[in-house]
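**Q** Sequence and computational prediction follow.
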Amino acid sequence: RQVDSDIIEEPSTGVQFVKHLMNEEDAFHVHQFLHSMDEPYKEVFSLRTFGELPFEKIGMLFGKSAGWARVTFHRARKQIIAYMEEMNHEEY
């Protein structure tokens, strides 16, 4: 399975992000947070990350552009990264 290059775009947080998704417990926390997220962020993030759909197809599903899907995905990812960083601070 190829790691999506969009996930690792930001070197400082991207690699951490992938590591967290590989760790079962962290992945569960991400899914918990994802479950509580507002739409369309939750669905766009899931379609992109777990469904591996291209932005063009995600945009089509919502009747929007690929650019809209890309921006929505990156906003969702920022929320998840912020949540994960907050979780990490609580652990120490």
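**A** All right, it came through fine.
**Q** tell me which residues of the helix ranked longest in the chain are tucked away?
**A** Identified as the longest helix of the chain according to DSSP state H is helix 66-91. Buried residues in helix 66-91, counted by 16 or more other C-beta atoms under 10 Å: 68-70, 72-74, 76-77, 79-81, 83-84. To be clear about C-beta, it is placed using only N, CA and C from the backbone, and glycine gets the same treatment.
**Q** excluding its backbone neighbours, what's nearest the residue positioned nearest the centre of the chain?
**A** Using C-alpha atoms, centre = their mean, the residue of the chain that lies closest to the mean C-alpha position is Arg77, 3.9 Å off. Nearest non-adjacent residue to Arg77, counting by C-beta to C-beta, 6 or more residues apart in numbering: Phe45, 6.6 Å away.
**Q** right, and that neighbour touches Met37 too?
**A** Yes - applying C-beta atoms under 8 Å, one finds Phe45 in contact with Met37, separated by 7.4 Å.
**Q** which of these two has more neighbours?
**A** Neighbour totals were compared for Phe45 and Met37, and Phe45 leads with 23 against 17 (other C-beta atoms under 10 Å).
**Q** Check what pLDDT that one gets.
**A** In this model, Phe45 is scored at 93, pLDDT.
**Q** shift numbering so it begins at 370
**A** Done: numbering now begins at 370, and the last item shifts to Phe414.
**Q** In three-state terms, label it for me.
**A** helix (DSSP: H, G, I helix; E, B strand; the rest coil).
**Q** contacting residues for it?
**A** Leu403, Met406, Phe442, Ala445, Arg446, Ile449 (C-beta atoms under 8 Å, 6 or more residues apart in numbering).
**Q** Identify the contacts common to Phe414 and Met406.
**A** Ala445, Ile449.
**Q** Output the below-cut-off pLDDT ranges for this structure.
**A** Low-confidence segments of the chain (pLDDT under 70): 370-391, 459-461.
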